[in-house]
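K.L.:
Quick check, what structure comes out for this input:
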Amino acid sequence: MRINRFVRFLLVAVVMLAIPAIASAQFGVSITVAPPELVAYAQPICPQQGYLWTPGYWGYATEGYYWTPGTWVEPPSVGLLWTPGYWGFGGGAYAWNEGYWGATVGFYGGVNYGFGYGGSGYEGGYWRNNEFSYNTYVNNVDRETFHNTYEKTVVNERASASVSYNGGTGGTTARATAAEETEAHERHTPATAAQTSHQQAASQNHEMLASVNHGKPAIAATSKPGEFTGKGVVAAGGAAEANKATESKETESKASENKAAENKATENKAAENKEAESKAAENKEAASKASENKAAENKAAEDKAAATRTSENKAAASKASENKAAENKAAATRTSENKAAASKASENKAAENKAAANRTSENKAAASKASENKAAENKAAATRTNENKAAASKASENKAEENKAAATRTSENKAAASKASENKAAENKAAANKASENKASAARTSEEKSAAPKAAKPTSARVKPVAARPEPEAKPAKAAPRAESAPKPAAQRQSAPKPAAAPKSEPSHESEPKAEKKP
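P.N.:
Coordinates of the predicted model:
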């Protein structure tokens, strides 16, 4: 047993590597025996609008192949279509490719499952505006209930049993198209819980084994997943007579059981009626006896109640007398209390009157005090008024003085500004004079330098030497005499020119100049 399992695992691995056409599919089991041909059956009526048909197929379990009936299934969401699973051959074994839900129908091995699944795509209907439209040519639906229907002829619709696998000897030779290859990589949704439960129930039903039903199961299709009994069950072609015999036998057995049940019910009814009559007689006798006893008991109870009421009346009369005496005593007591209260009220009234008189005197004194306070306040207000007037007068005087002082300061500022202007003019004039003096001094210096060589030449007349006078120290430029005129030009020579004077900035230390020799 362990060796067989190991061999199966090896075959699964080999098949996954050897079948490129279904490399992206989901593998289940793989075996070396080909699955039987598909079962021929009629489609049961669709139970509810929106359900889609999922065709039957051969599954595989420990005891061999078993038939999973076709059934109507509610899709996991609106807009999805079912791609059936299929058996594919490769590497010497058959591997199962699981079905799935998707936006379009993908590759399912070219197996013709019928009812719109002709081997490629799906022609049983389509989604439109979130509603599924059924092709009544291949789908069994109630046209009175289902209004979204149409009829379109399907040429390759299967009418008999056919091959159930792809590849290998006798299998289909279909290959996935480019569109189907692309769809295989799109997002898919696995079988719903209802589909899985339906498949598991079939795998556990011994009658669904191919070795038992020889390819003609009594349950070939159902109207809903998991419902293997009832009107929605459809048998395989050729299994109808056996099913009919079984149904007839079940009907006869059911009739016998019903007849026995009816007879038993009749007997039970008679016994129940007899027992009810006996019970009614007993109940009537008991009721009569109970009535007599009740009357006697009521009479005794009434006599006892009358005697009790007489005693109670006497006690009540005695109690009333006692209550009257108590009320009279209480009235006398209340009278005394009322008198005391009246006396106390008189005393309280006198006290209140006295207190009112005292409050009147106090109010008068308070009014007099208020008048005095008012007079004092008025006097103080008059005093404050006079003080305010004096303060206002003082403020006016201060304001006048401030204005006068301001006017004085303005005059002084104007005089200062005028003085500043005069000083500025004097400074500007002194600067101009200084510039003129500097210019004249520069001109003299230049003339003296040019005149010095000419003075050194001999003259026809003898010049008497004159003792040189010491030059005074050089004064600032500001102290230079303004009246000094510029030297005459060299063209106007004197007969006896004077020796050139030394520059003022360098005073001479000689006592007298040397006499020039005649030529």
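
K.L.:
Helices of the stretch 151-300 of the chain, residue ranges please.
P.N.:
Ranges of helices in the stretch 151-300 of the chain, per DSSP state H, counting those that start in this stretch, are 178-184, 193-203, 210-213, 240-455.

K.L.:
Which one of the ones you listed has the poorest average confidence?
P.N.:
The minimum mean pLDDT among the helices of the stretch 151-300 of the chain belongs to helix 240-455 (a mean of 71).

K.L.:
Okay, now the unreliable bits of the stretch 1-150 of the chain?
P.N.:
Under the criterion pLDDT under 70, the flagged ranges of the stretch 1-150 of the chain are 1-30.

K.L.:
let's go with 90 and repeat that
P.N.:
1-32, 90-91, 143-144, 147 (pLDDT under 90).

K.L.:
For residue 57, which residues count as its bridge partners?
P.N.:
residue 68 (DSSP bridges).

K.L.:
Look at residue 34 and tell me its secondary structure.
P.N.:
coil (DSSP: H, G, I helix; E, B strand; the rest coil).

K.L.:
so it makes contact with residue 94?
P.N.:
Yes. The criterion here is Cβ atoms under 8 Å, and residue 34 meets it with residue 94 at 6.0 Å. Every residue, glycine included, has its C-beta placed from N, CA and C.

K.L.:
Now do the shared contacts for these two.
P.N.:
87, 165, 168 (Cβ atoms under 8 Å, 6 or more residues apart in numbering).

K.L.:
ok, the first one touching residue 95?
P.N.:
Yes. The pair formed by residue 87 and residue 95 meets the contact definition of Cβ under 8 Å, at 7.1 Å.

K.L.:
before we move on, back to that, which of residue 34 and residue 94 has more neighbours?
P.N.:
residue 94 (25 against 18; other Cβ atoms under 10 Å).

K.L.:
isn't there a strand covering that one?
P.N.:
Yes. The assignment for residue 94 (three-state DSSP) places it in a strand.

K.L.:
Please report how far it lies from residue 165.
P.N.:
Distance from residue 94 to residue 165, counting by Cβ to Cβ, to the nearest Å: 6 Å.

K.L.:
who touches both of those two?
P.N.:
With Cβ under 8 Å, 6+ apart, residue 94 and residue 165 have common neighbours 34, 35, 87, 88.

K.L.:
For the third one, give me its contacts.
P.N.:
Residues touching residue 87, when contacts are defined by Cβ under 8 Å, 6+ apart, comprise 34, 35, 58, 94, 95, 96, 97, 109, 164, 165, 166.

K.L.:
On the three-state scheme, it is what?
P.N.:
strand.

K.L.:
With adjacent residues omitted, what lies nearest to it?
P.N.:
residue 165 (3.7 Å; Cβ to Cβ, 6 or more residues apart in numbering).

K.L.:
For the stretch 1-150 of the chain, just list every one of the strands.
P.N.:
27-31, 52-54, 57-61, 64-68, 70-73, 81-83, 86-90, 93-97, 100-102, 125-128, 131-135, 149-150 (DSSP state E, counting those that start in this stretch).

K.L.:
and residue 394, how many neighbours does it have?
P.N.:
Residue 394 has 10 neighbours, counted by other Cβ under 10 Å.

K.L.:
Also residue 74?
P.N.:
Count around residue 74 with other Cβ under 10 Å applied: 15.

K.L.:
One more: residue 319?
P.N.:
11.

K.L.:
Specify the beta-bridge partners of residue 86.
P.N.:
Going by DSSP bridges, residue 86 forms beta bridges with residue 97.

K.L.:
right, and it touches residue 95 too?
P.N.:
No. Residue 86 is beyond contact range of residue 95, at 9.8 Å (criterion: Cβ under 8 Å).

K.L.:
if we can go back for a sec, distance to residue 344 for the shared contacts of residue 94 and residue 165 - can I get that in JSON lines?
P.N.:
Output for these, formatted as JSON lines (distance: Cβ to Cβ, whole Å):
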{"residue": "34", "distance to residue 344": "127"}
{"residue": "35", "distance to residue 344": "122"}
{"residue": "87", "distance to residue 344": "120"}
{"residue": "88", "distance to residue 344": "122"}
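
K.L.:
For the closest residue to residue 92 other than its chain neighbours, give its distance to residue 162.
P.N.:
Once flanking residues are discounted, residue 92 sits nearest to residue 32: 6.6 Å by Cβ to Cβ, 6+ apart. Per Cβ to Cβ, residue 32 is found 21 Å from residue 162.

K.L.:
and those two? which has more neighbours close in?
P.N.:
In terms of neighbours (other Cβ under 10 Å), residue 162 is the more surrounded of residue 32 and residue 162; the figures are 15 against 11.

K.L.:
ok, now which ones touch the more buried one?
P.N.:
If you count contacts by Cβ under 8 Å, 6+ apart, then residue 162 has 37, 38, 111, 112 around it.

K.L.:
Of those, keep whichever come out buried.
P.N.:
Neighbour-count burial (16 or more other Cβ atoms under 10 Å) applied to the contacts of residue 162 gives 38, 111, 112.

K.L.:
wait, doesn't residue 59 sit right on residue 201?
P.N.:
No. Judged on Cβ under 8 Å, residue 59 makes no contact with residue 201 at a distance of 11.3 Å.

K.L.:
and the gap between the residue nearest to residue 46 when sequence neighbours are not counted and residue 47?
P.N.:
Nearest non-adjacent residue to residue 46, counting by Cβ to Cβ, 6+ apart: residue 141, 4.5 Å away. Per Cβ to Cβ, residue 141 is found 10 Å from residue 47.
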